[in-house]
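**Student:** Sequence below, structure please.
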Amino acid sequence: MFTATLLGVFKYDEIPDEYIKFVELKAALEKKNKIKKNEKIAIVNIAGTKCYHVLFLESYNNIDEIKEELKEIGAKLNHISSNILEGHL
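**Tutor:** A predicted model of the protein is given here:
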């Protein structure tokens, strides 16, 4: 299992250019037609890869839902990242 590490929590209008395509892809996959400018979005890196996973934080009720989503792709959120994300939910 890969380790997922939080790179940051951003508002949509503050997403760094290097991650914006990942955000747009995740929005399309979730059929999310409109992303609010101030919506909180977390970006996690899957260790050992150049893969980023996008989390639209408004979509989750608790940290366990995020952990389950990451488990489905073979990743586990590290402890520090889990604590930080839990504070944003």
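**Student:** can you give me the strands for this protein?
**Tutor:** Secondary structure of the chain by DSSP state E: the strands cover 2-11, 40-46, 52-56, 75-77.
**Student:** among these, which is nearest Val23?
**Tutor:** Distance to Val23, taken as Cβ to Cβ, is lowest for strand 52-56 among the strands of the chain, at 5.2 Å. C-beta: built from backbone N, CA, C; applies to glycine.
**Student:** okay, the strands of the chain in a markdown table with mean neighbour count next?
**Tutor:** What follows is the strands of the chain, written out as a markdown table (neighbours: other Cβ atoms under 10 Å):
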| stretch | mean neighbour count |
| --- | --- |
| strand 2-11 | 16 |
| strand 40-46 | 20 |
| strand 52-56 | 19 |
| strand 75-77 | 21 |
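**Student:** of all those strands, which lies closest to Ala27?
**Tutor:** Nearest of those to Ala27, taken as Cβ to Cβ: strand 52-56 at 7.6 Å.
**Student:** Run through who's touching the closest one.
**Tutor:** 4, 7, 19, 22-23, 25-27, 30, 32, 35, 39-46, 66, 69-70, 73, 75, 85 (Cβ atoms under 8 Å, 6 or more residues apart in numbering).
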